[in-house]
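Undergrad: Give me the fold of what follows.
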Amino acid sequence: MPDSITINKKKIGLGEHAEIFLNIARLPTYTNIDLPVYVYRAEEDGPVLLLTGGLHGDEINGIEIIRRLIDREKIVPERGTVIAMPVVNVYGFIQNVRGLPDGKDINRSFPGSKGGSLAKLLAYTLMNEIIPQIDYGIDFHTGGSARANFPQIRCTLNIPKNKELAKAFAPPIIINSALINKSFRKAAKKKGKHILVYESGESLRYDESGIEEGMNGTMRVMKHLDMIDSAPDPNDSEVFYKTTWVRAKYAGLFSSKIELGEKVNKRQVLGHINDPFGQEWFKSMSPQNGRVIGLNNTPVVHKGDALVHLAYNLNK
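TA: Predicted coordinates:
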């Protein structure tokens with residue numbers, strides 16, 4: 001860890017805390033949009049951990065995880081540095097939407113460009129101002145609109161450091177997830193930085209158990225990296241190497257018969273799709289033994305809609 005970290009031309013020394021604002025652009029009203037960055041540095045040497053929330057503006061659980069860590073002073077390390085960015089996508093957060101005014105997804109816009117779309121500009125800022133400063137990161141996400149995720153870490157398990165950090169986080173579920181082109185995680189990996197993705201809950205809804213799991217897991221990672229001396233006890237994580245979505249074979253009204261996080265057996269009935277007039281109903285069945293890691297909470301479905309996300313191929 002260097003004696004000083006420089007972000008947006010501001011130097012932060014050992015033992016210092018700083019709030020920095022990265023100017024991104026401005027609204028058509030000429031109101032500036034600044035990206036807040038909070039830096040907490042211990043006096044002792046140690047790694048640099050990045051915490052990011054709100055990459056998708058409507059995914060508020062990650063924002064709340066980082067907010068509570070700051071509020072409860074759990075984010076201040078005894079050794080090393082934490083860089084916290086609770087709301088990366090300020091535009092989407094203001095409007096309660098996933099993306100940006102240009103319709104782009106930041107998490108498919110990396111490594112970005114200085115003269116590109118707003119999404120690429122945000123990605124470029126992260127890659128050039130923040131990523132060079134860090135060693136590791138945790139990027140907090142949720143499911144989409146009315147699709148809830150069970151608390152889980154997603155990472156590439158054939159990368160030893162990823163697997164090590166995921167087990168240190170110790171969530172209920174660890175999912176093997178390949179690096180996606182133009183994603184934050186893949187762009188950071190190309191720079192030699194290891195970032196975990198934590199998923200829990202659904203957009204625009206607090207998931208209290210998932211928020212607590214996210215906070216606890218973050219502290220466990222910090223303890224593993226010798227940044228703090230104590231952390232909550234770990235879960236006995238289940239590690240899955242494959243996932244699949246069970247999709248609607250018919251349009252209608254979906255009624256789930258299982259709960260998020262539940263273990264299911266092959267050919268178990270996951271729910272029914274009924275027509276609105278009480279004349280027809282169809283079973284939706286599990287194709288695998290596995291565990292429910294994602295669930296559609298919207299009753300009205302079309303043919304092909306995702307209903308239940310299953311993790312399978314458990315690593316025993």
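
Undergrad: Retrieve the pLDDT associated with residue 316.
TA: pLDDT, residue 316: 59.

Undergrad: Hmm, I typed the wrong one, I wanted residue 211.
TA: Value for residue 211, per-residue pLDDT: 98.

Undergrad: separation between it and residue 87?
TA: 15 Å (Cβ to Cβ, to the nearest Å). Quick note: C-beta positions are derived from backbone N, CA and C, even for glycine.

Undergrad: Could you do residue 104 as well?
TA: Taken as Cβ to Cβ, the span from residue 104 to residue 87 is 17 Å.

Undergrad: what about those two, which has more around it?
TA: The neighbour comparison of residue 104 against residue 87 (other Cβ atoms under 10 Å) goes to residue 87, with 21 against 17.

Undergrad: how would you label the more buried one: helix, strand or coil?
TA: For residue 87, the assignment made with DSSP: H, G, I helix; E, B strand; the rest coil gives coil.

Undergrad: For the closest residue to it other than its chain neighbours, what are phi and psi?
TA: Leaving out its chain neighbours, the residue that sits closest to residue 87 by Cβ to Cβ, 6 or more residues apart in numbering is residue 54, at 4.1 Å. Backbone torsions for residue 54, taken as degrees, to the nearest 10, come to phi 70, psi 30.

Undergrad: which residues does residue 54 contact?
TA: Going by Cβ atoms under 8 Å, 6 or more residues apart in numbering, residue 54 touches 60, 62, 63, 86, 87, 88, 89, 90, 92, 93.

Undergrad: Closest one to residue 276 out of those residues, please.
TA: residue 60 (32.2 Å; Cβ to Cβ).

Undergrad: The closest one - nearest residue in space that isn't next to it in sequence?
TA: The shortest distance from residue 60 to any non-neighbouring residue, by Cβ to Cβ, 6+ apart, is to residue 204 (6.4 Å).

Undergrad: Please convert the contacts of residue 54 to a markdown table, extending it with distance to residue 155.
TA: Output for these, formatted as a markdown table (distance: Cβ to Cβ, whole Å):
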| residue | distance to residue 155 |
| --- | --- |
| 60 | 23 |
| 62 | 16 |
| 63 | 21 |
| 86 | 22 |
| 87 | 23 |
| 88 | 19 |
| 89 | 22 |
| 90 | 27 |
| 92 | 24 |
| 93 | 25 |
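
Undergrad: Which segments of the chain make up each domain?
TA: According to automatic domain parsing, the chain comprises the domains 4-236, 242-314.

Undergrad: Return the most buried member of those.
TA: Burial of these is given as mean neighbour count (mean count of other Cβ atoms under 10 Å); domain 4-236 ranks first at a mean of 19.

Undergrad: Three-state assignment for the residue nearest to residue 60, please.
TA: Residue 204 - assigned by three-state DSSP - is coil.

Undergrad: list the contacts for it?
TA: 58, 60, 96, 145.

Undergrad: got any ranges where this protein has weak pLDDT?
TA: 1, 316 (pLDDT under 70).

Undergrad: now the longest helix anywhere in it: how far from the chain's centre is it?
TA: For the chain, the longest helix by residue count, based on DSSP state H, is helix 208-224. Per Cα atoms, centre = their mean, to the nearest Å, the displacement of helix 208-224 from the mean C-alpha position of its chain is 13 Å.

Undergrad: could you point out which element follows that helix?
TA: strand 238-247 (DSSP states H and E).

Undergrad: next one: that following strand to chain centre, how far?
TA: Distance, centroid of strand 238-247 to centroid of chain: 17 Å (Cα atoms, centre = their mean).

Undergrad: elements contacting the next helix or strand after it?
TA: Using DSSP H and E, the helix or strand that follows strand 238-247 in sequence is strand 252-256. Of the remaining helices and strands, those touching strand 252-256 by 3 or more Cβ pairs under 8 Å, 6 or more residues apart in numbering; DSSP states H and E are strand 269-274, strand 281-285, strand 290-296, strand 300-301, strand 306-314.
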